[in-house]
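1. model this:
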Amino acid sequence: MATFSIIQKSQLEGAHRLDAEYYQPEYLALEQKFTMLETKTLEQISKSVISFGAYSLTSHIEWQESGVPYINVGDVHDGYIDLSSVKYISEKVNEILKKSKVNNGQVLLTMAGTIGNAAIAHNLPRSANANQAIAKITPLDTMSPYYLTAFLNSKYGLLQTQREIVSSVQANIFLGQIKKFKIPIFDQKVTQQIGDTYKYFLHELENSKSLYTQAEQLLLEELGLKDFTTDGDLYSIINFSDIENAHRMDAEYFQPKYKKLLAKLRSDKASSLEEVFDNVLAKFNTLVQPDKSFNYVELSNINSAIGTIDGFTKVLGKEAPSRAKRVLKAGDVIVSSVEGSLGKVALVTQEQEGYLASTGFFQFRSDEVLPEVLLVIAKSFIVQNQLTQRCAGTILTAVPKESIKDILIPILPRAAQQKIAELVRQSHEARIKAKELLEEAKQKVEQLIEKGGERG
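-> Numbering: from 1, shown residues only. Below is the predicted model of the structure:
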């Protein structure tokens with residue numbers, strides 16, 4: 001059934017838009033809801049709303065292994081900032097890009113890519129920076145940044161974002177449009193309650209990360225690798241037979257740090273991957289069930305910090321990407337095979353049984369290693385360094401599937417595995433609780449708007 005809207009010519013002139021998408025019924029209904037509330041523009045409730053300094057200054061950026069976090073759109077999620085895959089710049093470049101510095105208490109809103117994700121800068125390092133596709137909002141002291149973030153992530157905040165998206169080569173939203181967003185103004189006691197729920201969400205998120213870190217540390221302690229470093233020689237001398245066996249002669253493959261790690265693992269009698277894990281083949285054909293709806297998981301759906309699948313795309317079998325060939329089973333651990341994303345590792349839960357995943361992952365199962373421990377091992381430097389060593393290719397650098405059989409995997413006693421697994425389970429439970437609290441904060445905002453601001 002067709003949907004349509006009837007609007008006045010004055011509305012067209014005021015909005016400077018003629019496209020039908022801008023006047024969809026849900027957007028007009030939102031305008032009507034706002035007439036029943038006290039609202040102010042985002043610019044009115046903010047000290048500043050900025051995105052970036054001179055774009056030409058980005059030519060000074062040189063990536064480093066550590067330093068000042070440089071936040072990209074992909075690091076800003078629904079309600080939080082994830083620094084687990086963030087890139088770094090120097091303090092010198094941070095000063096050059098001083099107009100795009102990020103301070104705790106600011107609200108970040110993505111303007112391109114995944115548009116409309118809002119997160120508060122919370123417990124960030126002393127310095128941080130952000131790229132040109134992120135708006136940095138500094139609220140007035142009278143406006144809670146936690147309430148503001150909850151509103152922007154609610155369906156009524158997202159409707160405003162979606163309405164203003166423009167698309168030419170790439171979809172985006174402009175700063176001038178963001179400044180005009182309408183923000184409902186409620187009683188301070190009510191907004192504080194919403195802000196407190198949001199703060200509790202952030203607390204549980206940090207608790208989840210802390211528990212996972214404890215699991216990682218316990219693994220390394222049990223293996224005697226807690227203080228292990230790969231620092232040392234900048235060169236190595238190898239035999240021609242090593243080149244023949246590896247079918248590689250590039251210097252990257254024979255870096256001393258890899259040799260040092262492998263020597264340590266061999267001394268502890270680690271097993272090869274093919275002895276410990278089942279490497280599940282990617283051979284599912286979605287065209288066999290063309291009209292079935294599948295939940296499809298890509299690299300972007302992985303929470304790198306604690307190893308969870310945090311999203312999916314609904315696809316019909318006949319419309320699924322050709323790379324959607326993995327059927328997931330509870331207890332599987334999926335590991336990215338693509339260089340630059342090798343840290344995208346996740347444990348499949350009971351609820352995610354039957355999801356599809358991309359061929360950009362490896363898919364591991366094991367009877368010897370508990371799934372949660374398998375996750376921690378795969379995310380640790382023990383496996384990540386070995387995967388990095390095996391990366392090959394020109395256009396797309398990735399880990400060839402035939403190269404992973406001899407990756408060394410340490411096996412812990414069952415009692416130690418159970419301790420690590422329990423910490424991972426607690427971490428994932430805290431993550432679930434955090435997501436519930438975020439939804440609660442958003443729903444409180446939505447209920448207030450739907451009731452016209454009435455409390456009850």
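2. use CA for all of it now, contacts and neighbours both
-> Noted.
3. which residues touch the residue at minimal distance from the centre of the chain?
-> Taking CA atoms, centre = their mean as the criterion, Asn303 is the residue nearest the geometric centre of the chain, at 4.9 Å. With contact set as CA atoms under 8 Å, 6 or more residues apart in numbering, Asn303 has these partners: Ile309, Asp310, Lys344, Val345, Ala346.
4. Highest neighbour count among the residues you listed?
-> Neighbour counts for these (other CA atoms under 10 Å) peak at Ala346, which has 30 neighbours.
5. Who's the closest spatial neighbour of that one, skipping the chain neighbours?
-> Gly307 (4.1 Å; CA to CA, 6 or more residues apart in numbering).
6. Share the number of residues neighbouring that neighbour, please.
-> That count, for Gly307 with other CA under 10 Å as the rule, works out to 26.
7. give the contact list for it.
-> Contacts of Gly307 by CA under 8 Å, 6+ apart are Lys344, Val345, Ala346, Leu347, Leu375, Lys379.
8. Filter the residues you listed down to the ones in strands?
-> Within the contacts of Gly307, residues falling in strands by DSSP state E are Val345, Ala346, Leu347.
9. Let's have those in CSV, adding distance to Glu38 and pLDDT.
-> Conversion of the ones in strands among the contacts of Gly307 to CSV gives the following (distance: CA to CA, whole Å; pLDDT from 0 to 100):
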residue, distance to Glu38, pLDDT
Val345, 45, 97
Ala346, 44, 97
Leu347, 45, 97
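10. measure stretch 92-111 end to end?
-> This stretch, stretch 92-111, spans 26 Å end to end (CA to CA, to the nearest Å).
11. any residues touching that stretch, and which ones?
-> Counting by CA under 8 Å, 6+ apart, 50-53, 57-58, 60-61, 68, 73, 76, 115-124, 127-139, 145, 148-149, 172-174 sit against stretch 92-111.
12. Stretch 313-329 now?
-> 281-297, 348-350, 352-360, 363.
13. now the stretch 151-300 of the chain, which segments are flagged as low pLDDT?
-> Counting by pLDDT under 70, the ranges of the stretch 151-300 of the chain that qualify are 168-169, 230-256.
14. just the strands in it please.
-> Secondary structure of the stretch 151-300 of the chain by DSSP state E, counting those that start in this stretch: the strands cover 166-167, 171-172, 182-184, 271-272, 278-279, 293-297.
15. Nearest to Gln217 among the ones you listed would be which one?
-> Closest of those to Gln217 is strand 271-272, at 21.0 Å (criterion: CA to CA).
16. which helices and strands sit right next to the closest one?
-> Helices and strands touching strand 271-272, by 3 or more CA pairs under 8 Å, 6 or more residues apart in numbering; DSSP states H and E, are strand 408-409.
17. Would you mark the buried spots in whatever helix or strand comes next after the strand it packs on?
-> The helix or strand immediately downstream of strand 408-409 is helix 414-450, counting by DSSP states H and E. Buried residues in helix 414-450, counted by 16 or more other CA atoms under 10 Å: 417-418, 420-428, 430-431, 433-435, 437-446, 448-450.
18. likewise stretch 386-403?
-> For stretch 386-403, the neighbour count (16+ other CA under 10 Å) marks Gln386, Leu387, Thr388, Gln389, Arg390, Cys391, Ala392, Ala398, Val399 as buried.
19. what does the domain assignment say about the chain?
-> Domains of the chain are assigned by automatic domain parsing as 36-185, 225-413.
20. coming back round to it: just the contacts of Gly307 now: which is nearest Lys226?
-> The nearest member of the contacts of Gly307 to Lys226, counting by CA to CA, is Lys379 at 14.8 Å.
21. Do I have it right that the closest one meets Ser336?
-> No. Judged on CA atoms under 8 Å, Lys379 makes no contact with Ser336 at a distance of 10.2 Å.
22. Mutual contacts of these two, please.
-> Contact criterion CA under 8 Å, 6+ apart; residues shared by Lys379 and Ser336: Gly343, Val345.
23. hang on, the earlier thing: could I get the strands of the stretch 151-300 of the chain as JSON lines with distance to Leu211?
-> Formatted as JSON lines, those follow (distance: least, CA to CA, whole Å):
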{"stretch": "strand 166-167", "distance to Leu211": "42"}
{"stretch": "strand 171-172", "distance to Leu211": "37"}
{"stretch": "strand 182-184", "distance to Leu211": "36"}
{"stretch": "strand 271-272", "distance to Leu211": "27"}
{"stretch": "strand 278-279", "distance to Leu211": "28"}
{"stretch": "strand 293-297", "distance to Leu211": "25"}
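24. got CSV for these, with mean neighbour count and distance to Pro410 too?
-> Output for the strands of the stretch 151-300 of the chain, formatted as CSV (neighbours: other CA atoms under 10 Å; distance: least, CA to CA, whole Å):
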stretch, mean neighbour count, distance to Pro410
strand 166-167, 11, 50
strand 171-172, 17, 46
strand 182-184, 21, 54
strand 271-272, 16, 6
strand 278-279, 15, 15
strand 293-297, 20, 28
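25. out of those, nearest to Tyr156?
-> Nearest to Tyr156, of all these, is strand 182-184, at 9.7 Å by CA to CA.
26. Check which helices and strands that closest one sits against.
-> Strand 182-184 packs on strand 39-41, going by 3+ CA pairs under 8 Å, 6+ apart.
27. Show me the shaky parts of the stretch 1-150 of the chain.
-> The stretch 1-150 of the chain contains residues with pLDDT under 70 at 1-23, 53-55.
28. Now do the helices in it.
-> Counting by DSSP state H, counting those that start in this stretch, the segments of the stretch 1-150 of the chain that form helices are 9-15, 25-35, 91-96, 145-153.
29. would JSON lines of the domains of the chain with distance to Thr213 be doable?
-> As requested, the domains of the chain are exported to JSON lines (distance: least, CA to CA, whole Å):
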{"stretch": "domain 36-185", "distance to Thr213": "12"}
{"stretch": "domain 225-413", "distance to Thr213": "8"}
